[in-house]
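Participant: Take a look and give me a structure for this.
(chains A and B)
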Amino acid sequence: MNVLKNLVMIGLMLLLTGGILLAPPILSGQKEEQRLHTTVQLTHIVGSRSKLSAKQVARLYCDREIEVPSSLHMADVRDQVGLQNVADPGLLLFGGDPSIGAPLQKAISEACVSYCQVNSLIKIDNRPTALNFVFGSSKENPYFNVVYEEKTKTFLHFLCEDFTQDFESKEDMESYLEHIRSSMRNYYEGQLGLDPSAYHSHAEILAVTEDMPGVYTVRMHIGCGLLQEGESVFYVEEIGEKIY
Amino acid sequence: MKLSFKFFCIAYLAVLLSTGLAGSYIVYTINHMLWDAQIERVNAAVAYAADSFMAFADISDREISASQRADATRQIKHMLDDVISDLDILPSEAVSAKHLAMQENACAATYIKNDQRLLMESVCKLNTGSAEYYLFLYSDFTKIQQQHDTLWNTYGLVVICVSIGSGLLLFALTKRVTTPLRKLATVADEIALGNYGKTVKLTHAGHEITALSSSVNSMSHAIAQKIHEIQDELEKRDLFVADFTHEMKTPMTAIIGYAQLLRSYDLDKSEKDQASEAICNEAKRLEKLSLQLLELYVYRNESIQTENLDLFEVGEQLHSTLRFLSEKYRVDYHIDFHHATVSANREMLLTLLYNLADNAFKASRPQTSIRIYSQTDATSVTIHIEDHGIGIAKEHLKWITEPFYREDKSRSRESGGAGLGLALCKEIAILHATQLHFESEKEKGTTVSFSLKKGGVEK
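Facilitator: Got it, this is the predicted structure:
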């Protein structure tokens, strides 16, 4: 009788051991299986993106926190939207002054324009934001090159070589150049709030001819742009090479 | 069921249950934590991807083209860590009705099995203002599930190891605990069978069991001693009965013999007187024997009332009774008691002194003397009864105070003794919380001493 009791006891213990060994994994597996058939609603609030201003973009660029992506896939684009995207900012750069912006705009419109837009996703304060970099250039006179951020209208680089303009007097010519210089200054120091060391700008006369009396044809070189940390001003052609 | 087996079962079940519960809880908690952590990471990644796509949408005025979507996909994937294994952005035309029915600007996730992989498919429906787009993100949960399985396998292994380990350990432990108990039980059985004094030697058995074995050993020794004492008592009793029967038989035989003689034969007057005399003497001897036995019985079963006695006065009283014995045995005596106060029962003390003196007289040769004197110290008074008689052999000293014991039976019977005198003295001494001390040398004499407690102030 005792032997039987002992055997029953041993059997119960083995059963319990098996139960403790197998029951939790099986129950857990069943629970996992149930979980796999449920839909999980993910908490998400749309709209938590960073909104940047032109000042911020300029500062981030100078601090090397954003880089201009490659424009290798620039193509010849002559559709109106593309041209407009390149030409219109010229007005903005010069404070919307038609006396400066309009000739430039015309010149750009008439040049063979290569244009592209490159979207770039960056992370600011751990939140995403996208920047739309517009590249425009021409291969004919006047040679120009522009890189700006389309969303914030931040001019990163602007270059216009051999830009020709007629003036009635030398004073008009000087006044025009000074106007360009002060416009660029106003933009970078006034609008973007940068130090003079954070950008470069120049407006120079390359040649003056008087084909007709009283009409001075001036060939100019206009250029401006942001400098990244550690960069310094180079001769404009080198800058052109460097940028692209 | 054996106690050891019960203990083993209970302990094993306790260990198993606690291991099972603790292990299950730990594994379940870890699995839950890992799973929830992964979901949190996926949640964060999905939210970031949705916001990133909306950021792209912000810089596009129109619908986002396929190439733009591809570019956005590439850039978003680049920004995300490897929690998202795949990402796709689809327009509403490319999705199923189930997804079209989703709430706007919301994300939902389901689990799908792809080959042997477990993936979480997170779908976000995003409205950019100009169109609706669906963000599909895939996170690989295969590793998490494998970790889940590994943890449960580890749990199983631990339970098996703990079961086997604890089973063996508990088995060894119960054996260690119960083996000494079995040894103790064996010893107890042997004692019960009569092997008194049997002991058990247990080492490294734990404090309690060692204490138990010491107690059993003490008990065994005590039983053996008690049995020995009982056997001694029985022997003494048998001896007592034998001696008593003998002492009774001898005078009874003489009485019956002489009575039959008187009844059966026609004796002359002198023969009748002789027979009557003999019957009377033997009857008196029987009477004395019975009185002494009665006294012995009373002393053994009684407690005494003591009083403070002046030893000198006791000596004076003794003097009056010893004079007769001195004349009878023609032995002189001297009593030298100080004026000391002792705590004793007067009648018993006198009986004790008388009996010891009587023995001294009997042992002494005529024309010699006996001395009865006292010595006092700080707390007690020692009384000595000294004779220069025949002495007692050393081998008899041990038995001298036993009832009916006589060194020389013939001599004492002649004097009418039955060997109960010193037995009575011993009982009186015991009642006075003292004992008789014998110093004797054959043919040189005997000194019997005993001490009494002082009582009161010495004069």
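
Participant: Kindly state the pLDDT recorded for residue 5?
Facilitator: With no chain named, the answer covers chain A. Looking at residue A:5, its pLDDT reads 87.

Participant: if you could check chain B rather than the one you did, that'd help
Facilitator: 85.

Participant: swap in residue A:163?
Facilitator: For residue A:163, pLDDT reads 79.

Participant: The lengthiest helix in chain A vs chain B: in contact?
Facilitator: Assignment by DSSP state H gives helix A:2-36 as the longest helix of chain A. Yes: taking C-beta under 8 Å from any C-beta of the partner chain as the criterion, helix A:2-36 and chain B are in contact, through A:2, A:5-6, A:9, A:13, A:16-17, A:20-22, A:24-25, A:28-29, A:32, A:35-36. C-beta here means a position set from N, CA and C on the backbone, and glycine is covered the same way.

Participant: now the strands: where do they sit in chain B?
Facilitator: B:86-91, B:106-114, B:117-127, B:132-140, B:307-310, B:332-336, B:341-344, B:369-376, B:380-387, B:437-441, B:445-453 (DSSP state E).

Participant: That should have said chain A, apologies.
Facilitator: So, for chain A - with DSSP E - the strands run A:40-42, A:75-76, A:113-124, A:127-138, A:143-149, A:154-167, A:199-212, A:215-226.

Participant: Buried residues in the third one, which are they?
Facilitator: What it means is strand A:113-124. Neighbour-count burial for strand A:113-124, with 16 or more other C-beta atoms under 10 Å in any protein chain shown as criterion, is recorded at A:113, A:114, A:115, A:116, A:117, A:118, A:119, A:120, A:121, A:122, A:124.

Participant: Tell me if I'm right that the fifth one and residue A:131 touch.
Facilitator: No: contact status for residue A:117 versus residue A:131: not in contact, 10.5 Å apart, counting by C-beta atoms under 8 Å.

Participant: Is it correct that residue A:108 is in contact with residue A:141?
Facilitator: No: counting by C-beta under 8 Å, residue A:141 is not a contact partner of residue A:108; they are 11.7 Å apart.

Participant: okay, these two: which has more neighbours?
Facilitator: Neighbours were tallied for residue A:108 and for residue A:141 using other C-beta atoms under 10 Å in any protein chain shown; the higher tally belongs to residue A:108 (22 against 14).

Participant: Out of the strands of chain B, which is closest to chain A?
Facilitator: strand B:106-114 (4.2 Å; C-beta to the nearest C-beta).

Participant: what's near enough to touch residue B:4?
Facilitator: By C-beta atoms under 8 Å, 6 or more residues apart in numbering or on different chains, the residues touching residue B:4 are B:174, B:175, B:177, B:178.

Participant: farthest pair in these?
Facilitator: For the contacts of residue B:4, the farthest-apart pair by C-beta to C-beta is B:175 and B:177; their separation is 7.4 Å.

Participant: Pick out whichever of the two has more residues nearby.
Facilitator: Neighbours were counted for residue B:175 and for residue B:177 using other C-beta under 10 Å; residue B:177 has more, 16 against 12.

Participant: can I get the strands of chain A in TSV with distance to chain B?
Facilitator: Listed next are those as TSV, based on distance: least, C-beta to the nearest C-beta, whole Å:
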stretch	distance to chain B
strand A:40-42	4
strand A:75-76	13
strand A:113-124	4
strand A:127-138	4
strand A:143-149	9
strand A:154-167	13
strand A:199-212	24
strand A:215-226	20
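
Participant: Least confident of the buried residues of strand A:113-124?
Facilitator: Within the buried residues of strand A:113-124, pLDDT is lowest for residue A:113, at 70.

Participant: Make sure it is actually in contact with residue A:138.
Facilitator: Yes: between residue A:113 and residue A:138 there is a contact under C-beta under 8 Å: 5.7 Å.

Participant: lowest confidence element among the helices and strands of chain B?
Facilitator: Sorting the helices and strands of chain B by mean pLDDT, DSSP states H and E puts helix B:409-414 at the bottom, at a mean of 54.

Participant: so where's the stretch 1-150 of chain B uncertain?
Facilitator: B:1, B:61 (pLDDT under 70).

Participant: ok, now chain A?
Facilitator: A:43-50, A:69-96, A:112, A:231-244.

Participant: Let's see that with 80 instead.
Facilitator: Scanning chain A for pLDDT under 80 picks out the ranges A:1, A:40-51, A:65-117, A:138-142, A:144, A:162-163, A:170, A:211, A:214, A:227-244.

Participant: which residue of it sits farthest from its center?
Facilitator: Largest separation from the mean C-alpha position in chain A: residue A:1, at 90.6 Å (C-alpha atoms, centre = their mean).

Participant: Relative to residue A:7, how far out is it?
Facilitator: 11 Å (C-beta to C-beta, to the nearest Å).

Participant: likewise residue A:63?
Facilitator: From residue A:63 to residue A:7 the distance is 82 Å (C-beta to C-beta).

Participant: Kindly report the same for residue B:379.
Facilitator: If you go by C-beta to C-beta, the gap between residue B:379 and residue A:7 works out to 74 Å.

Participant: ok, now residue B:351?
Facilitator: 77 Å.

Participant: so which of the contacts of residue B:4 comes closest to chain A?
Facilitator: For the contacts of residue B:4, the nearest to chain A is residue B:174 (13.5 Å; C-beta to the nearest C-beta).

Participant: Thanks a lot, catch you later.
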